[in-house]
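Colleague: Okay, sequence plus prediction incoming.
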Amino acid sequence: MEFFRNIFRIVWRIWFYVFFGISLLVMMPALFLLTFRERQYPALYKVIRAFSKTLLFVMGFRLKKEILEPLDQDKSYMFCPNHTSMLDPFILVSMVKKPIVFVGKSELKKIPIFGFFYKRTCILVDRSNPKSRKEVYYNAKKRLTNGTSVAIFPEGMVPTEDVILSPFKNGPFSLAIEHQISIVPATYFDCKRFFSWTFFKGRPGTLRIKQHQPISTKGLTKEDINLVKAQTFEKLFSDLSTDAKYMKDTNRTI
């Protein structure tokens with residue numbers, strides 16, 4: 001029985017990359033045109049959102065959303081989910097109608113084809129380069145208009161299986177305070193269980209998502225970075241560490 005399960009997982013994983021690659025090739029003309037000018041990003045986001053929802057559907061995933069407070073569609077936010085797998089960006093885009101710009105690692109721009117569009121749509125940062133980190137503030141300011149939001153995975157990486165939540169970086173909280181935008185913590189419970197980096201692990205299923213109330217940064221200064229970082233961390237850690245299914249299926253301990 002386990003043999004057939006492994007065969008299914010292999011075929012299922014290959015299907016993910018095949019579908020992703022074919023879709024990218026089919027969308028390439030539209031992506032190229034829509035990344036030519038920055039003002040076309042809202043239209044590009046609609047394409048990316050449609051693709052994200054389709055990708056999750058054809059992989060057999062369904063989203064079970066718990067949204068504790070509806071967001072103001074006319075405001076910009078800093079989205080801060082925990083990082084669990086390569087599914088995370090697609091989930092976030094699927095959940096949020098208004099355009100989101102991701103701040104991501106500059107290394108990913110080296111990936112053939114994908115990297116070309118990645119560097120034209122995301123705000124890239126080289127964490128080892130102080131100048132690059134400063135430029136994120138300038139680039140974010142240009143994008144934070146007409147309800148466009150920013151998304152950063154505060155862990156900066158996908159933690160190993162035995163880690164519930166890695167320590168958060170200062171970047172997203174510093175950026176949110178700088179631009180006086182609220183932080184939206186979000187807990188992704190199941191992505192690592194159902195689609196981890198382990199090739200022989202995972203399956204289709206329901207992905208539970210909990211979007212918390214926004215944390216206001218109005219009137220805060222850089223001295224408050226650790227405060228809002230701790231608030232965000234505690235919300236996500238509390239969710240994950242008290243979820244019996246998450247703890248059992250991933251063999252984690254506190």
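Modeller: Sure thing, it's come through.

Colleague: For residue 62, which three-state class applies?
Modeller: At residue 62 the chain is in strand, as set by DSSP: H, G, I helix; E, B strand; the rest coil.

Colleague: helix or strand for the nearest residue to it once chain neighbours are set aside, which one?
Modeller: In this structure, residue 62 finds its nearest non-sequential neighbour in residue 206, 4.9 Å apart by CB to CB, 6 or more residues apart in numbering. Yep, even glycine has a C-beta here, placed from its N, CA and C like the rest. Assessed by DSSP states H and E, residue 206 sits inside strand 205-211.

Colleague: which residues are contacting that strand?
Modeller: Here strand 205-211 makes contact (CB atoms under 8 Å, 6 or more residues apart in numbering) with 56, 60-68, 87, 91, 95, 184-191, 194, 239.

Colleague: re earlier: tell me the predicted confidence for the residue nearest to residue 62.
Modeller: pLDDT recorded at residue 206 is 96.

Colleague: Tell me, how many residues neighbour it?
Modeller: 13 (other CB atoms under 10 Å).

Colleague: Look up how far residue 60 lies from it.
Modeller: 10 Å (CB to CB, to the nearest Å).

Colleague: before we move on, what about residue 229?
Modeller: 35 Å.

Colleague: Pull up the distance across stretch 80-94, start to finish.
Modeller: 15 Å (CA to CA, to the nearest Å).

Colleague: in it, what counts as buried?
Modeller: 80-85, 87-94 (16 or more other CB atoms under 10 Å).

Colleague: I'd like those residues laid out as TSV, including pLDDT.
Modeller: Formatted as TSV, the buried residues of stretch 80-94 follow (pLDDT from 0 to 100):
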residue	pLDDT
80	97
81	96
82	96
83	93
84	90
85	91
87	94
88	95
89	93
90	96
91	97
92	96
93	96
94	96
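
Colleague: now those residues in CSV, with distance to residue 212?
Modeller: Below are the buried residues of stretch 80-94 laid out as CSV (distance: CB to CB, whole Å):
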residue, distance to residue 212
80, 9
81, 10
82, 12
83, 16
84, 16
85, 20
87, 20
88, 16
89, 19
90, 20
91, 15
92, 14
93, 18
94, 18
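
Colleague: Point out the ones among the residues you listed that are inside helices.
Modeller: 88-94 (DSSP state H).

Colleague: nearest spatial neighbour of the spatially most central residue of the chain, skipping sequence neighbours?
Modeller: Among the residues of the chain, the one closest to the centroid is residue 89, at 3.5 Å (CA atoms, centre = their mean). Closest residue to residue 89 apart from its sequence neighbours, by CB to CB, 6+ apart: residue 102 at 6.3 Å.

Colleague: Look at residue 69 and say how many residues are nearby.
Modeller: Count around residue 69 with other CB under 10 Å applied: 10.

Colleague: Let me fix that, I meant to ask about residue 50.
Modeller: Residue 50, neighbours per other CB under 10 Å, totals 13.

Colleague: swap in residue 152?
Modeller: The number of residues near residue 152, taken as other CB under 10 Å, comes to 27.

Colleague: and it, what are its phi and psi?
Modeller: phi -140, psi 130 (degrees, to the nearest 10).

Colleague: Enumerate the positions of stretch 35-52 that are buried.
Modeller: Of the residues in stretch 35-52, 35, 41, 44-45, 48-49, 51-52 count as buried by neighbour count, 16+ other CB under 10 Å.
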